[in-house]
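[1] sharing a model that was predicted from the sequence below.
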Amino acid sequence: MAASSLTPMLTVENAVGAIDFYRAAFDAIERERFIAPTGHVVAELAIDGLSFFVVDENREAFNVSPASLDGTTVRINLVVDDPDAVAARAVAAGARQIFPVADQPYGMRQGRIADPEGHHWLIGKPL
């Protein structure tokens, strides 16, 4: 099997607010936004050309947010040129620092933040 793409879909309580956060924290660009017949927002965003989706929580469709789970099961690994600056920008935009950016023994300069919706982002670069 050859995969041609792999695109994360982040379920959130408030897609419009999450879109605003990703724009402010990561310079995300909104590529498309759909409003489902149920009123739920589905938006495609991109960070430096890399796509991901943000979708409103919809329990009937088995889409639950970290807030409903009281945690998250996925970490998003964002590799950037300046992880210190990007992590600081994310915190300034409303993220919570989990681990500060630091040199790691596995060859990365990396830290972890939780976005306002509860998704965890590893922000780093190879050493």
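    Nice, I can see it.
[2] going forward, measure contacts and count neighbours with C-alpha atoms only.
    Will do.
[3] for this protein, which segments count as helices?
    15-26, 66-69, 83-92 (DSSP state H).
[4] give me the angle between the first one and helix 83-92.
    When you say that, I think you mean helix 15-26. Using axes from the mean of the first three to the mean of the last three CA atoms, to 10 degrees, the inter-axis angle of helix 15-26 relative to helix 83-92 is 150 degrees.
[5] distance from helix 15-26 to the middle of the chain?
    In terms of CA atoms, centre = their mean, to the nearest Å, the gap separating the centre of helix 15-26 from the centre of its chain is 9 Å.
[6] ok so, going back, make TSV out of the helices of the chain and add distance to residue 114.
    Output for those, formatted as TSV (distance: least, CA to CA, whole Å):
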stretch	distance to residue 114
helix 15-26	12
helix 66-69	10
helix 83-92	9
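[7] lowest-confidence stretch among those helices?
    Note on the helices of the chain: helix 66-69 shows the lowest mean pLDDT, a mean of 94.
[8] residue 97 is in contact with residue 114, correct?
    Yes: if you go by CA atoms under 8 Å, residue 114 and residue 97 touch, sitting 6.4 Å apart.
[9] so where do the strands sit in the protein?
    With strands called from DSSP state E, the chain shows them at 9-12, 29-35, 41-47, 50-56, 75-79, 96-103, 108-114, 120-126.
[10] and residue 64, which of those is closest to it?
    When the strands of the chain are compared by CA to CA, strand 9-12 sits nearest residue 64, at 6.1 Å.
[11] circling back to that earlier point, got the strands of the chain as a markdown table, with mean neighbour count columns?
    Shown next, in a markdown table, are the strands of the chain (neighbours: other CA atoms under 10 Å):
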| stretch | mean neighbour count |
| --- | --- |
| strand 9-12 | 22 |
| strand 29-35 | 14 |
| strand 41-47 | 19 |
| strand 50-56 | 20 |
| strand 75-79 | 15 |
| strand 96-103 | 16 |
| strand 108-114 | 22 |
| strand 120-126 | 21 |
